[in-house]
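In: When you get a sec, could you give me coordinates for this:
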Amino acid sequence: MQTYITREQDYALRITSALAALNKNDQLPVSELSKRLYISKNFAARIVHKLAKNGILSTTQGKYGGVSLKKQADKLSVYEVLETIGFKTKLNQCLDERFPCEFSNKCLFHLFFDEEEKKLHEKMKQKMISEFVI
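Out: Reported below is the predicted structural model:
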């Protein structure tokens, strides 16, 4: 089955949401994140590394180290997190600029999928991680 959002991207959203629930200056070790989110420590570490590399998370090494959100959760969109983890999915292959299609600008399916994809991306840009804190 193909999915629009990968497990890695989904867990990136969950990690940022979990960290948004922390008090200011608090951190969580990756081992604790992996327990809370029911994912392997290695998988969580890989996602944390990508998010930190792109300025979304801060990490501190050492025995009392951990991970925290670098950006404010109310200024961090769902789309930004997904894009950091490689979100480039198209609703239909015909929307990919590299996909040659003679019908693309006059095809009603193309126009429909293009419009719906733009709406979805805009909605994900407006939805902030702070709205998913539990």
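
In: Look up how far Thr6 lies from Lys88.
Out: Distance of Lys88 to Thr6, computed by C-beta to C-beta, to the nearest Å: 11 Å. Bear in mind the C-beta positions are built from the backbone N, C-alpha and C, glycine included.

In: Tell me the confidence at the residue nearest to Lys75 when sequence neighbours are not counted?
Out: Spatial nearest neighbour of Lys75, excluding adjacent residues (C-beta to C-beta, 6 or more residues apart in numbering): Met128 at 7.0 Å. pLDDT for Met128: 98.

In: Make residue 1 into 868 and carry on from there
Out: OK, 868 is where the count begins now, so the last one is Met995.

In: Next, count neighbours for Met995.
Out: Per other C-beta atoms under 10 Å, the neighbour tally for Met995 reads 17.

In: quick one, phi psi at it?
Out: Backbone torsions for Met995, taken as degrees, to the nearest 10, come to phi -100, psi 150.
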